[in-house]
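> Predicted model and sequence follow; I will ask about them next.
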Amino acid sequence: MNRLEGLPTLRIDPARRIGFTYKGYTRHGVAGDSVATALYAEGVRIFSRSMKYRRPRGLFSLDGICANTFLTIGKMPNMAAETAALREAMTVEEQNVYFTARNDPLAFLDRFDRFMPAGFYYESMHKPAALWPAAAEVVRRAAGLGQIDSGFRFSGVCDEIYPATDVCVIGGGAAGMSAALAAAERGVRVILLEARHWLGGAFDYRSQPEEGDRPLYARSAALAEKIAANPLVRVYTGAPMVGGYADNLVTAVAEGKEDDPFDYRYMEIRAKSVVVATGTRERPLIFEDNDRPGVMLPDCALRLARTYGILPGREAVFSVGHDFGLEAAVALADLGLPVRAVADFRESGHDAGLVDRLAARNIRFLPGWAAYRASGVKSVTGVRLAACKSGESRSFACDLLVAAAGLSPVAEPLVLFCGSPEADGSTGFFLPKTYPPGVFAGGSILGFSDPRSRIDSGEKAGIRAAGFCGGDSSQEAPEKGGAGDLSPPPNAAPVWLGHPGRESKRFVCFDEDVTVKHIRQAISRGFNVPELIKRFSAAGTGPGQGGISGHNLPLLVHAIQSESAGCGPSDTAGNTGYRPTRVRPPVRPVLLAAYAGTGREMTKRTPAHDLQAEEGAVFRRAGVWQRARYFSQDLDVSEEVLAVRTNVGMLDASTLGCFRIFGPDALSALQRVYAGDMGRIREGRVKYAAMCNHDGCVIDDGVVIRTGENDYMFTTSTGRAGETIEWIRYHTRYENLAYHLVNLTDGTAVINLAGPRARDVLEKITDADVSGGALPFGGWMDFALTGGIPVRCMRLGFVGELSFELNIPASYMAHVWEMLRRAGREFGIRSIGVEAQNVLRLEKGHVILGQESEQRTNLIDLGLDFLWARDKTIRPVGSDALRQAENDPGRLKLSGIRMKDPAVVPPDGSVIIPADGPEKRIVGYVATIRKSLSPGLEGDVLGMALVEAPWAREGTTLAIYDGESPAGSDAAFSYAVIVRMPFYDPEGKRMRM
Amino acid sequence: MVSRQTILPDKNPPLQTVYDAVLIGGGLHNLATAWFLAREHGMKSVAVLERNFVGYGGAGRNTAIVRANQRTAENVPLYKEALELWPVMTRELDFNLMFYNCGNMNLLHSEAAVKAARTNVATARFLGVESRILDRKETADRLPALNMSDAITHPVHGAMFHPPGGIVRHDAVVWGLARGALRQGVHIHQRTEALGIETKNGKVTGVKTSAGTIRTPRVLVSAGGYTAGLVYRMTGLKLPVSVLTIQAMVTQPLKPVFRHVVSSGAYHVYANQTLKGEIATGAHMDPWPNTTTRTSAGYIKHQAEALVDLFPCLAGVKFMRSWAGLADMTPDMAPIMDGNLPADGFYINCGWGYFGFKSSTAAGRYMARYLAENRCPDRLAPFALNRFENHRLMGETAAPVLYTPDN
Amino acid sequence: MSLLIQCPLCGKRNGYEFRYGGEDKGAYPEGRELSAAKWYDYVHGSACTEGVVKEWWCHRLGCGTWFTIYRDTRVNRQVQEPQESARQGNGRTSGAGEIP
């Protein structure tokens, strides 16, 4: 099709052709086209088929308020062609059609609509019972629109920014631009968001009414120039707002233009105040077959011509109820569209100038008339217009039926900030009545229609927003948000839905094929507010999210309810359900890729990470860290375990928390959070300690040493390091204690050197005396390694061998790691991972929190009551719960178990049932169990389990069930006996070497 | 006016001066309780009081996942019975509850997660519920769209597969139960608020409502996130409840992408594709108390990040809507079902967090039994309120919860 | 929700920089041995107020200070310390015009 030329409002460049494929065939559009306008220009009229009745659907609006133009573009389903910018080489396909949208073999379903009343699926397909599973599969396949391949990969670039601003203006039309300029003039920073790729809003494609000799589009262009020149206004076009949140947080997703470095950019804008100037959209008129291709909103028809240079039809009939509808008819007639008739359901109150212009162009004008029924099977071929009062009617042939019932505010962004809207008696709009602080609105959204007042209203909102942000020379500094003192003139037009008639073909929601009849059915079944009617009928639940049904639904519901209640349609008092259904973000659909943004993931690594990777470490996440869990690809840790038991091993324990606490009240703070008596820490000795929560559940364990007067160092588990400081401060928050806490975790590297040859290795890298006399088991010492590297060394017994826990500044870690490997080579030193440590400590019966402990187990249950100093002056957190629970005979107890058959290793987590006695219920579970590898344990399978006290006595036999086979047969169970711990070196000789 | 067509009462019946039982809260649990009171105990003089409209709260907001693979032997039987009731209730109510038995896949991302799943699986199978652990290959076979790479934030080690679970149409359950209760003669009073209870000598004697006072010997409060606050205002009894706002969202409708309900503890995400084709997903909770039902900007973003990591093809799909509801959480992630405290005839059913839908039918049946027989059914005994005071947390969660300061 | 919290040291910050520390119930009760009922009341019992609550918060991703604020749980916003009469948050959750 040849585009209209020479229009000053065109946003296309007809000289730049863009090639794309549609249904496999090459087509062309021009730069500036959306996919829908390009297809429309190429003659496409049927874009899709509706979900339920398979009705043909065409271009109805250009703002993505329904799924009519959903196509699959570049293998991405459900792309709204009317808002997707056309790009070179795009592949565009129909979706959810059998054969083509033009010729759909399922189109006959439209005739069986009476068998699909509202909610029919709730009362069908479930009898006989066997029918439903098969029916569900059919429903599954029939439902859904487009298809995404499981192998689809998004190849675009997504970005995210988090700007802050004083005023965020949503909507770049005349009112929004005026608001932005007014705010910027008062010295505050402004962000202006506009969904389309250019500023101008509703003025952009209109010439009339003119002020002086300036058509509307020139006025908005002038405003846009001022905006561009203002350094305090940042403009984002192609960036529709998608979410509005408390404290004026705004989210938007920008679509990249051709020269942008992103395809989509997520924007989270922290604004002090917000101005909503999103204008209006047209409210669909309801008549028979109002969903036919060829029916479109006046705004869509006019923009096709003035923005995209496409004459929308060959001959047109208009059925409107607002002045803009008349204006569109005049403007399109002037562009060469034959207009057979213009019906306007208003009897009077039309803009006289527009009526004159219709007469001057010999266009039949029918005040008090409206569309009754569209004719045509696949698209419009004509329309029957009828008089609202007399019932007189006339038919006209046409291929374009431009219809709307009036205007509705684009209120969704405002509602997100303000809450539920109410019916406004003056404008007939549903708008919020109260605004939270900092939220303002201006422009046609409030009901203003003439250009001057729209601009004034926007300006006023900008001034108030600036004042709220403390901008200078503000006329008022309002504490509340609001619509301002300007009130729009009352809308004299009746708020009307359309002629009554054949209800089963009068569509309220296109996406879900919901008709007036369905709404009536829902009401008859007791659903009496729009929210319930929406749910039952499905109106507004499709991709358009109420874009079509929006403000018509409450009007229709009220009209139907008024019939039986006998009151007029204007009587809305007391009906608190009389409003559109709830608005939720995103108010535009957003690609998951766009929300996911850059998708960068970060973990923390220790300074020896790369060295361990070179050694073949297999890493696992431990909280925010990567830790080496295994040092062999086959995940077998036998060699690592044996190395520690017979020679020496080295483990990176840097992720453990490390803290210093000092100050006059440091000890008091420690006494509050640790169950034991930290006042009894001896010089040069390490104290093993545990922290409990108020339930007595152990939330952390570690060691504490005293490094000086009122000066201590303590360790925590990896997972707790981030929480420890706030925990200690929390539990001392009511007292004015004087202490300081320093988190040394990231600055302190820790290497555990363990095994009978550990001292041999250490002696090679230090001159200090690290003999058993100088540094005994349970003691600590500061000294230096070769080269003067300071080390704090603790002798602990976690894995049950002679071990030295070396705490060094993190910057030396890689160097010390290599130093140890070199020094230890002659002794067969091996790096060991977390799993090897797991096995080694298991053999000693040592607890790892989160593995052998859980929410139900307290300090005593874990056998750690020796860590509790009952009579401390400062009562530690959890002591009351411990005391109250200590005589409870039915609690879970940590117990050692040994499998009767050493060939069987049940998986960790298997449940425990008593082997003997009448009670056959689950009484516990296996926490950790391994085949032992250590000398002296003869390959026994040893584990730790949590078992209810009556069955936790030494010698009790337990049945273990792993769930791999049904519990009925005996073969499903394996057997273990409760044994004393530690299993390995019970006297602890080896760690005391 | 209840006719054959009626599903919900469009007008309230006149408030009687006496009812055998008054159920405060018009959601799934009380509707189920009302149904069973009438059906199994012949108690039909029952009033359900709903402050807003039926289905306003969690009943209409949940993502309708059902399963019976909980962690403890106390919980599994309740959910197992609830799961088995879906086809039964479909038949009894003659309403298609649309139970889609697609099975649940709980992804496991570490050795520790596999161990934790083992306990669930063994517990479930011991109690006659089908559940098993899948390795990586089996997991990939069942979820072709799943990213099995090691390069994602939480690589997949396997999954806990629970064949008997799936999804149900939550609106269908609400309306089916409401219609069923109405047909039994139960009175549903919408837009009616319970303002207080009346007691005498330690026994409940009545309920004050916005429509008048009712005399009754039995009051059951089960109002989702509003329960604990209401119980406190009515009786002074404090419950160990944290009411959190929980969020969910859906994509636009698609042809089938995956069949199972998929969840991941490590990513804090679950997703299922409804029969309408939308992928429903959720469900973070800001870990501090709220009764707002507004969503937050951060979570829809985090959800997209998690889903795109796990199912890369979903990058090309769009979110259509998000919403939020209230989850009343307890310290041990298990509900509170108790009676005759603090006064005789006063019953409480709450603390269901985000798993109240799954159990609604069975919980309703047992609470009905409790009210009718005035004896705590064995199955409900472990859920007594005093377990907290007695330091006997339930064990449904291994780790301490994040929404109290106790962690 | 997009909670903003006023830290006494750092000013108004994004709520996700903070950690929630429970309702302010005063210091842990004194006394040698607490009864189970009193312990439950302090540790677990909650009035679940729908309205303005005094709470402890910690600026964990900032200065680390623990402080109290008043927050309206019906709308998840920090508010000024209320007058005594307004303290009982007995209100409904949503109504026309209120953000639910």
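Structure received. Computed from a predicted model, the values in this text were never measured in an experiment.
> Note down every partner strand of the strand ranked longest in chain A and its orientation.
Looking across chain A with DSSP state E, the single longest strand is strand A:264-276. Note on strand A:264-276: by DSSP bridges, its sheet partners are strand A:158-161 (parallel), strand A:164-170 (parallel), strand A:249-255 (antiparallel), strand A:439-441 (parallel).
> right, and the helix or strand after it?
As assigned by DSSP states H and E, the chain's next helix or strand after strand A:264-276 is strand A:280-283.
> which residues touch the helix or strand just after that next one?
Counting by DSSP H and E, the next helix or strand C-terminal to strand A:280-283 is strand A:295-296. Strand A:295-296 is contacted from outside by A:Gly58, A:Leu59, A:Phe60, A:Ser61, A:Asp289, A:Pro312, A:Ala374, A:Val380, A:Leu400, A:Leu401, A:Val402, A:Ala403, using Cβ atoms under 8 Å, 6 or more residues apart in numbering or on different chains. To be clear about C-beta, it is placed using only N, CA and C from the backbone, and glycine gets the same treatment.
> model confidence over strand A:295-296, on average?
The predicted model assigns strand A:295-296 a mean pLDDT of 98.
> name the helices or strands packed onto the helix or strand just after that strand?
Next in sequence after strand A:295-296, counting helices and strands by DSSP H and E, comes helix A:298-306. In terms of contacts (3 or more Cβ pairs under 8 Å, 6 or more residues apart in numbering or on different chains; DSSP states H and E), helix A:298-306 is packed against strand A:280-283, strand A:316-320, helix A:323-334, strand A:400-403.
> Would you mark the buried spots in the third one?
Pointing back at helix A:323-334 there. Neighbour-count burial for helix A:323-334 flags A:Asp323, A:Phe324, A:Gly325, A:Leu326, A:Glu327, A:Ala328, A:Ala329, A:Val330, A:Ala331, A:Leu332, A:Ala333 (criterion: 16 or more other Cβ atoms under 10 Å in any protein chain shown).
> repeat for stretch A:305-317
For stretch A:305-317, burial by neighbour count (16+ other Cβ under 10 Å) applies to A:Ala305, A:Arg306, A:Thr307, A:Tyr308, A:Gly309, A:Ile310, A:Leu311, A:Pro312, A:Gly313, A:Ala316, A:Val317.
> Kindly report the same for stretch A:986-993.
The neighbour-count check on stretch A:986-993 (16+ other Cβ under 10 Å) flags A:Arg990, A:Met991 as buried.
> Tell me the span between the first and last residue of it.
Length of stretch A:986-993, first residue to last, Cα to Cα, to the nearest Å: 14 Å.
> what's the average pLDDT for it?
For stretch A:986-993, mean pLDDT is 95.
> residue ranges with poor pLDDT in chain B?
Counting by pLDDT under 70, chain B contains low-confidence ranges at B:1.
> what residue lies at the spatial centre of it?
Chain B has B:Gly356 as the residue nearest its centroid, 1.3 Å off, counting by Cα atoms, centre = their mean.
> Turn the contacts of strand A:295-296 into CSV, including pLDDT and distance to chain C.
Below are the contacts of strand A:295-296 laid out as CSV (pLDDT from 0 to 100; distance: Cβ to the nearest Cβ, whole Å):
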residue, pLDDT, distance to chain C
A:Gly58, 97, 38
A:Leu59, 98, 36
A:Phe60, 98, 32
A:Ser61, 97, 29
A:Asp289, 97, 36
A:Pro312, 97, 40
A:Ala374, 98, 37
A:Val380, 98, 40
A:Leu400, 98, 41
A:Leu401, 98, 37
A:Val402, 98, 36
A:Ala403, 98, 32
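> Now render these as JSON lines, adding distance to A:Phe973.
Formatted as JSON lines, the contacts of strand A:295-296 follow (distance: Cβ to Cβ, whole Å):
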{"residue": "A:Gly58", "distance to A:Phe973": "68"}
{"residue": "A:Leu59", "distance to A:Phe973": "68"}
{"residue": "A:Phe60", "distance to A:Phe973": "67"}
{"residue": "A:Ser61", "distance to A:Phe973": "67"}
{"residue": "A:Asp289", "distance to A:Phe973": "70"}
{"residue": "A:Pro312", "distance to A:Phe973": "77"}
{"residue": "A:Ala374", "distance to A:Phe973": "73"}
{"residue": "A:Val380", "distance to A:Phe973": "74"}
{"residue": "A:Leu400", "distance to A:Phe973": "78"}
{"residue": "A:Leu401", "distance to A:Phe973": "76"}
{"residue": "A:Val402", "distance to A:Phe973": "77"}
{"residue": "A:Ala403", "distance to A:Phe973": "74"}
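> Taking those residues, tell me the two that lie furthest apart.
For those, the farthest-apart pair by Cβ to Cβ is A:Asp289 and A:Pro312; their separation is 18.5 Å.
> Go through the contacts of strand A:295-296 and name the one nearest B:Pro342.
Comparing the contacts of strand A:295-296 against B:Pro342 with Cβ to Cβ picks out A:Ser61 as the nearest, at 58.8 Å.
> before we move on, the earlier item: how about the helices and strands packed on helix A:298-306 in JSON lines, adding distance to A:Met241?
As requested, those are exported to JSON lines (distance: least, Cβ to Cβ, whole Å):
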{"stretch": "strand A:280-283", "distance to A:Met241": "15"}
{"stretch": "strand A:316-320", "distance to A:Met241": "29"}
{"stretch": "helix A:323-334", "distance to A:Met241": "24"}
{"stretch": "strand A:400-403", "distance to A:Met241": "28"}
